[in-house]
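**Q** model the structure of this input:
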Amino acid sequence: MTFPNAAQPAPPLGGNPEDTGHPAVDAVLRSLANAARLAPAEQIAEYEAAHQVLQETLASIDR
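**A** Numbers count the residues shown, from 1 in each chain. Below is the predicted model of the structure:
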């Protein structure tokens, strides 16, 4: 059920519904979308790289 006066989420900063507003996270999301077109063996490296970037990004939040 939706409520007519309920607050709606703000649109993403970049204008693209896939944008998070954080450049590193947005780049990871794009790389993951591109990885879907690769052979499965090649996807592994992309997923590992994305995981590393996301870990580093999350760790930097506390700094």
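**Q** contacts for the helix or strand harbouring Y47?
**A** Counting by DSSP states H and E, the element that carries Y47 is helix 40-61. The contact list for helix 40-61 (Cβ atoms under 8 Å, 6 or more residues apart in numbering) reads 22, 24-25, 27-28, 31-32, 34-36, 38. (C-beta placed from N, C-alpha, C; glycine too.)
**Q** gap between the two ends of stretch 27-43?
**A** Start and end residues of stretch 27-43 are separated by 16 Å (Cα to Cα, to the nearest Å).
**Q** for that stretch, what is the average pLDDT?
**A** The average of the pLDDT scores along stretch 27-43 is 93.
**Q** list the buried residues for it?
**A** Residues of stretch 27-43 classed as buried by neighbour count (16 or more other Cβ atoms under 10 Å): 28-29, 35.
**Q** okay if I get those as a markdown table plus distance to I61?
**A** Output for these, formatted as a markdown table (distance: Cβ to Cβ, whole Å):
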| residue | distance to I61 |
| --- | --- |
| V28 | 15 |
| L29 | 17 |
| A35 | 25 |
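**Q** those in strands, which ones?
**A** Using DSSP state E, no member of the buried residues of stretch 27-43 falls in strands.
**Q** now, those residues that are in helices?
**A** Secondary structure assignment by DSSP state H places 28-29, 35 of the buried residues of stretch 27-43 in helices.
**Q** any idea how far the residue lying closest to H22 once chain neighbours are set aside is from T20?
**A** Of all residues not flanking H22 in the chain, T57 sits nearest, at 7.1 Å (Cβ to Cβ, 6 or more residues apart in numbering). Distance, T57 to T20, using Cβ to Cβ, to the nearest Å: 10 Å.
**Q** repeat that for A39.
**A** 28 Å.
**Q** so A45 versus S60, what's the distance?
**A** For A45 relative to S60 (Cβ to Cβ), the value is 23 Å.
**Q** let me redo that: A50
**A** Applying Cβ to Cβ, the value for A50 to S60 is 16 Å.
**Q** of these two, who's got more company?
**A** Higher neighbour count among A50 and S60: A50, with 18 against 9, using other Cβ atoms under 10 Å.
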